[in-house]
Structure formats: structure tokens, C-alpha cells
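Enquirer: heads up, no residue letters with this:
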């Protein structure tokens, strides 16, 4: 079962994506929205009950990741420095997801995947959120 802190953060980030982020039309806002989409799809994947559901959510994780990569690549000017800082953490986030969380899920080790998602990945998510100045109301 997810910790209360994890549930609160998912709600906060999800609420921010639904309420505040669509109003931001800039690159940072797009990056924040894509980040929320990646995290919520990944967490849903961890909580999925069957392989077919997990596979569909993995496709959503991958699509959201590609969108975020695209947004970061297009950032220029003053946003380019922020994008570089963000990308350093983002690459670690992706590597941990692909090399630790998803393989744990494939082996049926849901608790291991949750531990990683609620640990280092949550720290990285918070760091990226701050770098991009993502906001919620």
C-alpha cells in the first residue's frame, strides 16, 4: 500500500497538472505537464494488477517521456540552462526507471519497484519540479 506521503504527492502533482499547468503555454509548463504524466503513468504501472494493463501503462510512460525529451530539446534562450540542469536529473530518473523499476515489475517484485519509486525517484521528481519551477494552486 502506498504511503500517505506518496499519495499526497501524487495528488498534489496530479492536481497541479489538471488545474495549473494547462494555463502555462511556455516550455517550462509543458515540461511540468509531461513530467506529471510520466510520474502518474509510472505509478499507475506499479499499481497495475495484470501484465496487459502494465504494458499499456508502460506505453504511456514511454510516450510521455518522449514528449518531455522533445520539450527539453526545444528549450532555448534563458530556458536552455534550466533544461540542462533538469535533463541531468531526468536522465538519472529514466535510467532508474528502465533498469530497476520496470525490471522489478517484470519479475513480480512490486514492493521493490514501489520502494525505488517512493525513494530516490521521488527525490528526483521533487528536484526536477523545483528546477522547472512547476507550480500548483
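Expert: Happy to help now that I have it. Everything numeric here is computed off the predicted structure, so don't read it as measured data. Residues are numbered from 1 along each chain as shown.

Enquirer: Sticking with the most centrally placed residue in the chain, tell me its helix or strand.
Expert: Ranked by distance to the mean C-alpha position of the chain (Cα atoms, centre = their mean), the top residue is residue 39 at 2.9 Å. Secondary-structure assignment from DSSP states H and E places residue 39 in helix 27-47.

Enquirer: okay, now the closest residue in space to residue 42 that isn't next to it in sequence: neighbour count?
Expert: Counting by Cβ to Cβ, 6 or more residues apart in numbering, residue 61 is the residue found nearest to residue 42 once chain neighbours are left out, at 5.2 Å. (Glycine included, C-beta is placed from N, CA and C.) Around residue 61 sit 24 other residues, with neighbours defined as other Cβ atoms under 10 Å.

Enquirer: likewise residue 80?
Expert: Considering only other Cβ under 10 Å, residue 80 is surrounded by 12 other residues.

Enquirer: cool, and residue 97?
Expert: Applying other Cβ under 10 Å, we find 24 residues neighbouring residue 97.

Enquirer: again, but for residue 53
Expert: The burial metric for residue 53, expressed as a neighbour count using other Cβ under 10 Å, is 13.

Enquirer: Give me the distance between the residue located most distally from the centre of the chain and residue 31.
Expert: Relative to the C-alpha centroid of the chain, counting by Cα atoms, centre = their mean, residue 77 is the outermost residue, at 24.5 Å. Between residue 77 and residue 31 the computed distance is 14 Å (Cβ to Cβ, to the nearest Å).

Enquirer: before we move on, the earlier item: gap between the residue farthest from the centre of the chain and residue 83?
Expert: Computed as Cβ to Cβ, the residue 77 to residue 83 distance reads 10 Å.
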